[in-house]
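J.: With the sequence up front, the predicted model follows.
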Number of protein chains: 2
Amino acid sequence: MSNKSVNAPLFLGVDGGGTKCRACLSDARGTRLGVGNSGPANANQALQQAKDNIVLAAKDALKDAGLPPSLLGELVVGLGLAGVNLPSVHRAMTEWEHPFASLHVATDLHIACLGAHGRDEGAVIIIGTGSCGYARVDGQEVMLGGHGFPLGDKASGAWMGLEVVKAVLLAHDGLGPDTALRPAVEAAVQVNGVALAEKMAKGSPRDYAQFAPMIFTAADQGDALARRILIEGAEYISALARKLLERKPGRLSILGGAAEPMRPWLDADVVAQLSVPEGTPEEGAALLARLNSELPKTGDPAAG
Amino acid sequence: MSNKSVNAPLFLGVDGGGTKCRACLSDARGTRLGVGNSGPANANQALQQAKDNIVLAAKDALKDAGLPPSLLGELVVGLGLAGVNLPSVHRAMTEWEHPFASLHVATDLHIACLGAHGRDEGAVIIIGTGSCGYARVDGQEVMLGGHGFPLGDKASGAWMGLEVVKAVLLAHDGLGPDTALRPAVEAAVQVNGVALAEKMAKGSPRDYAQFAPMIFTAADQGDALARRILIEGAEYISALARKLLERKPGRLSILGGAAEPMRPWLDADVVAQLSVPEGTPEEGAALLARLNSELPKTGDPAAG
């Protein structure tokens, strides 16, 4: 080994997401040594690319820490990955001949929860392009909501965007009240009326979520449609929060791009019970690695 | 010609739909001689299949009338085709070296309106897998609604089905009121909870529309969710009807698989202004052919 000065073992946390991977490297005492980034890790749709980007993020974090890529084999890795609850993705990950010392995989929700609370117990609600609730208490986990676009993910950016586009099209036909969001949406996609419907017909959740920021702005300016959408979305998030709090998770944090703007719309009794997140999902993934390395090796099939 | 006894010219109407073609053959006096069927005519997605099925439906109608396929070249054909308002589909149809005497193409809405009223003026609302409004007055046409799934097509079978699945998933998480439709939907697709979300995630409008009949049944039995969905859908259809009636179309008919069950949910003032449809879309297409053949040939590029 070329770097005797590093406190082995090294723990790497990776948040493998649909648009990018984020990694953070820490030593045995939890001291952060470096961070790394790479491209998407969508193991369900592009497995090899996902593996490549996980390794790239690890190398990037080693480089950021001033350490050589030859230390990959020394890393105890925690990885959070959306879709790892699918049997096919789980199998692909356990069968992966990865270049690390060991690899411990959990869902993206689990590492987000670990990161937010700095321990393996608590609850999170994520409000970004999608939405979802998660709690982990006494090693038992529950996932609520999610279900994807356009079926579920209520209060998410994609849900809000779809509600807006539907309302703009009704207004265009004179079959719904007009809204300040109509010119805003039409300007954002450079089309209006039937062309808006054509443009958004095959739209991805991300395409719809682009309208979320303008909904918060319009609501602040008193637009009735924007307020109706946010009130309905916030009602759902408040109900989701109460459902998670029933499990007595100790702490509940709301994460994701729409978490902060949604906060003023939530019921006061819910807001009073929210905890500020302590760390990021990739820090949660590093904690997953540390917690797993402390377990006895026997009976931990993922450590092999 | 082998059949001198037939009153030439022969008029064929074809309703070219996404799941099947229906054809009807009539003589110059409008007497029905035969009907025909064939497979889908989705000119936007499968142009050659669409052309083949239009010709097959024509041959089937000739056969039903006891006439030989060699008479194809004698047919003055009216064709209604979804998507023909798209420039690419329109061009493909005008460039088609079809085997008929002449071919006159219009939108599916236009032939439905022609068929429902037996003349080239009136309005229709179609409530099937999708939904849409159409009026034609003084040669000017307007289309309202539509916009496709999941953006528009409010009150359609697909819209109703999506609303139900969303509500069943909320009920499953304890985040929405329970409904008699939950066991009905779960039994229909043989899964529940998260598996229902997975199964419906990539569902087509038709997949969602399968739930529409059970919504009408549940509403009759007093289910609150089913009633809420039908009330919201019917409000939209009533508003759409009033918007079309503003144009003074003379007659307004509601067509499609959900038209009859939706009728009791519509506002009374709207129901009072509805006309019973006189004929089918394929009869409307045959009328299109007759009306076009009466026009002077000059200035009618489609007749060439």
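T.: Looks like it came in fine. Numbers count the residues shown, from 1 in each chain, chains lettered A, B, ... in the order given.

J.: Distance from the chain centre to the helix or strand bottoming out on mean pLDDT in chain A, please.
T.: Lowest on mean pLDDT, DSSP states H and E among the helices and strands of chain A sits helix A:194-200, with a mean of 88. From the chain centre to the centre of helix A:194-200 is a distance of 29 Å (CA atoms, centre = their mean, to the nearest Å).

J.: what's it packed up against?
T.: Applying 3 or more CB pairs under 8 Å, 6 or more residues apart in numbering or on different chains; DSSP states H and E, we find helix A:194-200 packed against helix A:157-172, helix A:181-189. C-beta here means a position set from N, CA and C on the backbone, and glycine is covered the same way.

J.: Quick one: residues in contact with the shortest one.
T.: In other words, helix A:181-189. Here helix A:181-189 makes contact (CB atoms under 8 Å, 6 or more residues apart in numbering or on different chains) with A:164-165, A:167-168, A:171-172, A:192, A:196, A:199-200, A:210-211, A:214-215, A:218, A:223, A:225-226.

J.: Give the helix, strand or coil label for A:Gln48.
T.: helix (DSSP: H, G, I helix; E, B strand; the rest coil).

J.: With A:Ala219 instead?
T.: Under three-state DSSP, A:Ala219 comes out as helix.

J.: Can you tell me whether I have it right that A:Leu12 is in a strand?
T.: Yes - checked against three-state DSSP, A:Leu12 lies within a strand.

J.: What parts of the stretch 1-150 of chain A come near chain B?
T.: Contact residues (CB under 8 Å from any CB of the partner chain) of the stretch 1-150 of chain A with chain B: A:Leu144, A:Gly145, A:Gly146, A:His147, A:Gly148, A:Pro150.

J.: Show me what the lengthiest helix in chain A packs onto, helices and strands only.
T.: In chain A, with assignment by DSSP state H, the single longest helix is helix A:224-245. In terms of contacts (3+ CB pairs under 8 Å, 6+ apart), helix A:224-245 is packed against strand A:122-127, strand A:131-137, strand A:140-144, helix A:157-172, helix A:212-220, strand A:252-255, helix A:259-262, helix A:268-271.

J.: In JSON lines, list the ones you listed along with mean pLDDT and mean neighbour count.
T.: What follows is the helices and strands packed on helix A:224-245, written out as JSON lines (pLDDT from 0 to 100; neighbours: other CB atoms under 10 Å in any protein chain shown):
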{"stretch": "strand A:122-127", "mean pLDDT": "97", "mean neighbour count": "28"}
{"stretch": "strand A:131-137", "mean pLDDT": "96", "mean neighbour count": "24"}
{"stretch": "strand A:140-144", "mean pLDDT": "94", "mean neighbour count": "16"}
{"stretch": "helix A:157-172", "mean pLDDT": "95", "mean neighbour count": "24"}
{"stretch": "helix A:212-220", "mean pLDDT": "96", "mean neighbour count": "20"}
{"stretch": "strand A:252-255", "mean pLDDT": "98", "mean neighbour count": "23"}
{"stretch": "helix A:259-262", "mean pLDDT": "96", "mean neighbour count": "18"}
{"stretch": "helix A:268-271", "mean pLDDT": "97", "mean neighbour count": "13"}
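
J.: Out of the ones you listed, the one nearest B:Glu260 is which?
T.: Nearest to B:Glu260, of all the helices and strands packed on helix A:224-245, is helix A:157-172, at 24.9 Å by CB to CB.

J.: Using PDB, write down the CA coordinates of that closest one.
T.: Written as PDB, here are the backbone C-alpha positions of helix A:157-172 (Å, rounded to 0.1, in the frame of the first residue of the first chain):
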ATOM      1  CA  GLY A 157     -42.900  18.400  -8.900                       C
ATOM      2  CA  ALA A 158     -44.300  16.100 -11.600                       C
ATOM      3  CA  TRP A 159     -47.700  15.900 -10.000                       C
ATOM      4  CA  MET A 160     -47.900  19.700  -9.600                       C
ATOM      5  CA  GLY A 161     -46.800  20.200 -13.200                       C
ATOM      6  CA  LEU A 162     -49.400  17.800 -14.600                       C
ATOM      7  CA  GLU A 163     -52.100  19.600 -12.500                       C
ATOM      8  CA  VAL A 164     -51.000  22.900 -14.000                       C
ATOM      9  CA  VAL A 165     -50.900  21.700 -17.600                       C
ATOM     10  CA  LYS A 166     -54.400  20.100 -17.300                       C
ATOM     11  CA  ALA A 167     -55.700  23.400 -15.900                       C
ATOM     12  CA  VAL A 168     -54.000  25.500 -18.600                       C
ATOM     13  CA  LEU A 169     -55.600  23.300 -21.300                       C
ATOM     14  CA  LEU A 170     -59.000  23.600 -19.700                       C
ATOM     15  CA  ALA A 171     -58.600  27.400 -19.600                       C
ATOM     16  CA  HIS A 172     -57.500  27.500 -23.200                       C
END
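
J.: which residue sits closest to A:Tyr208, ignoring its sequence neighbours?
T.: Excluding the flanking residues, the one nearest A:Tyr208 by CB to CB, 6 or more residues apart in numbering or on different chains is A:Gly161, at 3.1 Å.

J.: Let me know whether the one you found touches A:Gln210 as I believe.
T.: Yes - A:Gly161 is in contact with A:Gln210 according to CB atoms under 8 Å; the separation is 6.6 Å.

J.: how far away is the residue in the stretch 151-300 of chain A that chain B sits nearest to from A:Gly176?
T.: Closest contact between the stretch 151-300 of chain A and chain B, by CB to the nearest CB, is at A:Ala197 (3.8 Å). A:Ala197 sits 14 Å away from A:Gly176, going by CB to CB, to the nearest Å.

J.: who has more neighbours, these two?
T.: A:Ala197 (21 against 18; other CB atoms under 10 Å in any protein chain shown).

J.: Let me see the contact set for the more buried one.
T.: Per CB under 8 Å, 6+ apart, neighbours of A:Ala197: A:Val165, A:Leu169, B:Gly146, B:His147, B:Gly148, B:Leu151, B:Gly152.

J.: Buried residues in the longest helix of chain A, which are they?
T.: Judged by neighbour count (16 or more other CB atoms under 10 Å in any protein chain shown), helix A:224-245 contains these buried residues: A:225-227, A:229-230, A:233-241, A:243-245.
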